[in-house]
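*Asks:* Below is the sequence, then the predicted model.
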Amino acid sequence: MSAAPARSYAPEVIVAAGCLIALITFGPRASAGLFQIPMTLEFGWGRDTFSIAIAIQNLLWGLGAPFAGAVADRFGTVRVLCFGAVLYALGLVVMAYAATPLTLHLGAGVLIGFGLSACSFNLVLAAFGKLLPESWRPMAFGAGTAAGSFGQFLFPPIGNILIEQIGWHQALVVFAGSVLLVMPFAFMLATRKDGVTQPSATANLPGQSIKQALTEAFKHRSYVLLVLGFFTCGFQLAFITAHMPAYLKDVGMAAWVGGWTLAVIGLANAFGSLCSGWLSTRMPKRHLLAWIYLGRSVAIAAFILLPPSPATALAFGAVIGLFWLSTIPPTSSLVMLMFGTKYMAMLYGFAFFSHQVGGFLGVLLGGFLYEASGSYQIVWWLSIALGIASALINLPIIEKAVERPLAQPA
């Protein structure tokens, strides 16, 4: 007899709640670039000051993700999500009233970074893996990622309007209130304690400890390649999110172009993520990842080589959006395929940490190299090179469960 499901809600309800959490948490974070120009103008800061805060956010989001995942794997998801939402909202409020670089780094960097690690889509996808029947998982991973993308479509235009109508300080407070809506939806993703999960085609090793799971994962060549390739995803996404509005302003475009470019990225990504979840069940996941990374490099090269205009910016948003978070369904599916669901939140969290180290460097180099050279060109070309490297890194991945010794009879 198979184990009893670890869920108490219908799969449709679980997916809907997870998607709403992904939408709510991704939206304000994807809108961060809108606040760079007003903050730096008001306080006379360089773009490197703002970049440090967002870089810290990316790094701590990634650093906290494995630990938040381990706590959720061990004690359930609800408390972690609620705690993360409170930290995230508090960080937005501190950012709203930051008058010094240190306060900005505390709010936008430390508090939002750790808050995101405990309430963003990394925990939602892990909960989907534990709570949903196996046949639901690939498309649910795509739907959860697409919902985060729709948050990116929804929030930047709203953020632009709020900044113009009530000011950037109050806009951040409004975003803080929206993040607290995560808490009621979190209860629909309640998972049992002690790692009880839905049955999986990849059996978990009985009695496996966290230390044993980590040792097994980091000795597994395919997992290490997957983690290394994910670095590029974070580098490209964080750089574009934080610096695209400022880059477009530098080349003579109005503020609305930056906001709508981010929004178009989010809308296209909703479609791209759903397609990625569907394709993850129909083609080798390593090949899908390689095509995504290569497609990003081609799109970035075309964007920076073509003459700048609102049309090229919006077209770039549409194309890069198709590849934006489409890495997540095949990446999370590969982690689950290799190691099962018991420690999925933690092991995906380590992959996500690599993603966020990339994000940290993408944002930081964007700010510092801009201040040093007056241009973002070096980072654009570095993004292209990293995309090609990640396409090649993912090709040798072997898509099968880790080989484990059979349990010995008593």
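*Replies:* Nice, I can see it. It should be emphasised that the depicted structure is a prediction, and the values quoted were computed from it without experimental measurement. Numbers count the residues shown, from 1 in each chain.

*Asks:* rest of the way, CA atoms for contacts and neighbours
*Replies:* Fine.

*Asks:* how far does stretch 248-266 sit from the chain's center?
*Replies:* 21 Å (CA atoms, centre = their mean, to the nearest Å).

*Asks:* Go through it and flag the buried ones.
*Replies:* Using 16 or more other CA atoms under 10 Å as the test for burial, stretch 248-266 gives 248-249, 253, 256-266.

*Asks:* Show me where the stretch 51-200 of the chain dips below the pLDDT cut-off.
*Replies:* Within the stretch 51-200 of the chain, the segments meeting pLDDT under 70 span 191-200.

*Asks:* If we use 50, what do you get?
*Replies:* Low-confidence segments of the stretch 51-200 of the chain (pLDDT under 50): 194-200.

*Asks:* Which stretches in it count as helices?
*Replies:* 78-96, 101-104, 112-119, 121-131, 137-166, 168-179, 182-186 (DSSP state H, counting those that start in this stretch).

*Asks:* Check those helices for me and report the most buried one.
*Replies:* helix 112-119 (a mean of 31; mean count of other CA atoms under 10 Å).

*Asks:* helices and strands around that one, which ones?
*Replies:* helix 11-30, helix 47-75, helix 78-96 (3 or more CA pairs under 8 Å, 6 or more residues apart in numbering; DSSP states H and E).

*Asks:* ok now stretch 368-382, how far from the chain's centre?
*Replies:* Centre-to-centre, stretch 368-382 and its host chain are 24 Å apart (CA atoms, centre = their mean).

*Asks:* I'd like the helices of the stretch 51-200 of the chain laid out as JSON lines, including distance to Thr341.
*Replies:* Compiled in JSON lines, the helices of the stretch 51-200 of the chain are given as follows (distance: least, CA to CA, whole Å):
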{"stretch": "helix 78-96", "distance to Thr341": "17"}
{"stretch": "helix 101-104", "distance to Thr341": "37"}
{"stretch": "helix 112-119", "distance to Thr341": "18"}
{"stretch": "helix 121-131", "distance to Thr341": "6"}
{"stretch": "helix 137-166", "distance to Thr341": "11"}
{"stretch": "helix 168-179", "distance to Thr341": "28"}
{"stretch": "helix 182-186", "distance to Thr341": "19"}
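
*Asks:* Out of the ones you listed, which gets nearest to Glu42?
*Replies:* Nearest to Glu42 among these is helix 168-179 (10.4 Å), distances taken as CA to CA.

*Asks:* Direction-wise, compare the closest one with helix 78-96 and give the angle.
*Replies:* Interaxial angle, helix 168-179 versus helix 78-96 (axes from the mean of the first three to the mean of the last three CA atoms, to 10 degrees): 170 degrees.

*Asks:* Using CSV, write down the CA coordinates of helix 168-179.
*Replies:* The C-alpha trace of helix 168-179 is given here as CSV (Å, rounded to 0.1, in the frame of the first residue of the first chain):
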residue,chain,number,x,y,z
TRP,A,168,8.8,56.2,-3.9
HIS,A,169,8.7,56.1,-0.1
GLN,A,170,5.0,55.4,0.1
ALA,A,171,5.2,53.0,-2.9
LEU,A,172,7.5,50.8,-1.0
VAL,A,173,5.1,50.8,2.0
VAL,A,174,2.2,49.7,-0.3
PHE,A,175,4.4,46.9,-1.6
ALA,A,176,5.1,45.9,2.0
GLY,A,177,1.4,45.6,2.8
SER,A,178,0.9,43.4,-0.3
VAL,A,179,3.7,41.0,0.8
